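**Student:** Fold the following for me, if possible:
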Amino acid sequence: MTNPIVGMFRVKELRERIFFTLVMLVIFRLGTVLPIPGVNVSVLKNFFNAQRHTGNAIVDYLDFFAGGAFTHFSVFMLGIMPYISMSIIMQLLLIVFPGLKKISQEEGGRKKIQMYQRYGTVAVCLVQSFAVTQYAQSIVRQGVELLTMGFLPFTLLAILTVTTGTMFLMWMGEQITKRGIGNGISLLIYAGIVARIPAAFYELIESVRRDNLNPVFVIVVFVMFVAVVVLVVFEQQGQRKIPVHYAKRVVGRKMYGAQNTYIPFKINPSGVIPVIFASSILTFPIQVASTIGGNVVWLRVVSEVLTPRGPWYNILYVMLIIFFAYFYTQVSLNPIEIAKNIRENGGSIPGIRTERIEEYLTKILNRIVLPGSLYLSLIAIIPTFVQWAFKFPTSISYLMGGTSLLILVGVDLDTMSQIEALLKMHHHDGLTKKGHLRGRNL
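**Tutor:** Numbers count the residues shown, from 1 in each chain. Reported below is the predicted structural model:
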């Protein structure tokens, strides 16, 4: 009776949500191995098996975050990244164009913005799916009989199929958020990463058996991995509390007494969002450049420069993480709006003049964001360091840090916090005996 796992399935609402989420994730995994019509599956498998020995950093990168769907040429080969890329573009447009922001603040404006975002996602999918067909054509030029139909009908069919697959994933993510457990989009990314773990560990064991990898290095890297996980959990749960004092006030005929509370600022306010945004922004040009680069000289140069193991890619990656850390913090935690709400409700921060609350909050956020963004950048480049220093396989290196590790920890904490909240709402014990889980939606 006191077992929280048993308690999860004793609550009808929670049980239904968990089963719905699991069914959606099973459908997602089936879709990642369902190939696009017109592709010779056995030839495709042999081609990528041969590529695995020589290594292709860009294909490995795209395949990892698509949960293995890219090398299967499946209907979900673009994953959910086009939707995330369009979300970033829409956030930027809301800041650049005041008219668009005004629409979002009107009644029903949020639905309009979501509609524009969906249309934009279709446009991004069309561009990326066309790039995929060009990549298929480049494989055919190498003498590989990949296609079972003409190139023109394959191009049209592939663009339609892959675009539909991404839009279906977007719908699945929304349904999981509404009727399941956790944030649907985040869970789809999480499931894709988790699905790669067994194959990654098998490849690691085989590398040790073939003496391609020193067992001492494996132990060192795994100790480092455990230390990074502990650091990520500690950082995700950490808070900086800003005390706020509310004076006595009269509402109607009632007088409300003074109240002391606080504003909880996370040590890393933007969470894993900057890393996801930076990854998706870089994924788009990398995919286009690598798939069409064979026909266009300057795109081929971009593809070579932006290889995920190269220095320029990692420099851009770090810069984008820092930029999006500041950008997203300003969007989600606007000091001007927070200070306005405090003043309108008769609040004050001890030791700070009322007119200088914005300045004080901005100073606090800047102090938090800079080390937080540098911390994210450090974790993000761990896969590159592990590959360079210890000669680890690409698949296991991506699990040792970077986007994948942050997503795994962040989504896990968020999902556990939602389960715990539902358990306590139905008068059951939470998942933890001590403390409290504080999740963060991605």
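**Student:** which residues in the stretch 301-442 of the chain form helices?
**Tutor:** Along the stretch 301-442 of the chain, the stretches classed as helices by DSSP state H, counting those that start in this stretch are 311-332, 335-344, 357-380, 382-390, 394-399, 402-425.
**Student:** what does the host helix or strand of residue 42 contact?
**Tutor:** Following DSSP states H and E, one finds residue 42 within helix 41-54. Outside of helix 41-54, the residues within contact range by C-beta atoms under 8 Å, 6 or more residues apart in numbering are 35, 59, 71-73, 139, 144-146. Every residue, glycine included, has its C-beta placed from N, CA and C.
**Student:** Could I have the CA atoms of it written out in PDB?
**Tutor:** Extracted in PDB, the C-alpha atoms of helix 41-54 (Å, rounded to 0.1, in the frame of the first residue of the first chain):
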ATOM      1  CA  VAL A  41      15.000  -1.200 -47.000                       C
ATOM      2  CA  SER A  42      17.600  -4.000 -47.300                       C
ATOM      3  CA  VAL A  43      19.900  -1.800 -49.600                       C
ATOM      4  CA  LEU A  44      19.400   1.100 -47.200                       C
ATOM      5  CA  LYS A  45      20.500  -1.000 -44.200                       C
ATOM      6  CA  ASN A  46      23.600  -2.300 -46.000                       C
ATOM      7  CA  PHE A  47      24.500   1.200 -47.000                       C
ATOM      8  CA  PHE A  48      24.400   2.600 -43.500                       C
ATOM      9  CA  ASN A  49      26.100  -0.500 -42.100                       C
ATOM     10  CA  ALA A  50      29.000   0.200 -44.400                       C
ATOM     11  CA  GLN A  51      28.900   3.900 -43.400                       C
ATOM     12  CA  ARG A  52      29.100   3.000 -39.800                       C
ATOM     13  CA  HIS A  53      32.700   1.700 -40.200                       C
ATOM     14  CA  THR A  54      33.900   4.900 -41.900                       C
END
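**Student:** if we can go back for a sec, now tell me which of the helices of the stretch 301-442 of the chain the model trusts least on average.
**Tutor:** When the helices of the stretch 301-442 of the chain are compared on average pLDDT, helix 394-399 comes out lowest at a mean of 72.
**Student:** can you dump the C-alpha coordinates of it into PDB?
**Tutor:** Taking Å, rounded to 0.1, in the frame of the first residue of the first chain, the C-alpha atoms of helix 394-399 are listed here in PDB:
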ATOM      1  CA  THR A 394      29.700   8.600 -31.300                       C
ATOM      2  CA  SER A 395      26.500   7.000 -30.100                       C
ATOM      3  CA  ILE A 396      27.700   6.600 -26.400                       C
ATOM      4  CA  SER A 397      29.400  10.000 -26.500                       C
ATOM      5  CA  TYR A 398      26.100  11.800 -27.100                       C
ATOM      6  CA  LEU A 399      24.700  10.100 -24.000                       C
END
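**Student:** Give me the contacts around stretch 176-189.
**Tutor:** Contacts to stretch 176-189, defined as C-beta under 8 Å, 6+ apart, come from residues 14, 17-18, 20-21, 24-25, 28, 65, 79-80, 83-84, 169-170, 172-175, 276, 407, 410-411, 414-415, 418-419, 441-442.
**Student:** 6 Å - rerun?
**Tutor:** The set of residues external to stretch 176-189 that reach it, using C-beta atoms under 6 Å, 6 or more residues apart in numbering, is 17-18, 20-21, 24, 28, 80, 173-174, 407, 411, 415, 418, 441-442.
**Student:** ok, back up a step: out of the helices of the stretch 301-442 of the chain, indicate the one that is most buried.
**Tutor:** helix 394-399 (a mean of 24; mean count of other C-beta atoms under 10 Å).
**Student:** neighbouring contacts of it?
**Tutor:** Helix 394-399 is contacted from outside by 60, 64, 200, 203-204, 383, 386-387, 404, using C-beta under 6 Å, 6+ apart.
**Student:** do stretch 108-115 as well
**Tutor:** With C-beta under 6 Å, 6+ apart as the criterion, stretch 108-115 contacts 103-104.
**Student:** average pLDDT across that stretch?
**Tutor:** Averaged across stretch 108-115, the pLDDT comes to 85.
**Student:** Sitting in helices, which of the contacts of helix 41-54 do you find?
**Tutor:** Residues from these lying in helices, with DSSP state H as the criterion: 59, 139.
**Student:** Among the contacts of helix 41-54, which has the minimum pLDDT value?
**Tutor:** In terms of pLDDT, residue 59 ranks lowest among these, with 74.
**Student:** For residue 357, see how far away the closest residue to residue 279 other than its chain neighbours is.
**Tutor:** Leaving aside its chain neighbours, residue 279 sits nearest to residue 403 (5.0 Å; criterion: C-beta to C-beta, 6 or more residues apart in numbering). Using C-beta to C-beta, to the nearest Å, residue 403 is found at 35 Å from residue 357.
**Student:** Check residue 241 too.
**Tutor:** Relative to residue 357, residue 241 is positioned 16 Å away (C-beta to C-beta).
**Student:** Same check on residue 391?
**Tutor:** Computed with C-beta to C-beta, the distance linking residue 391 and residue 357 is 53 Å.
**Student:** Cool, thanks, talk later.
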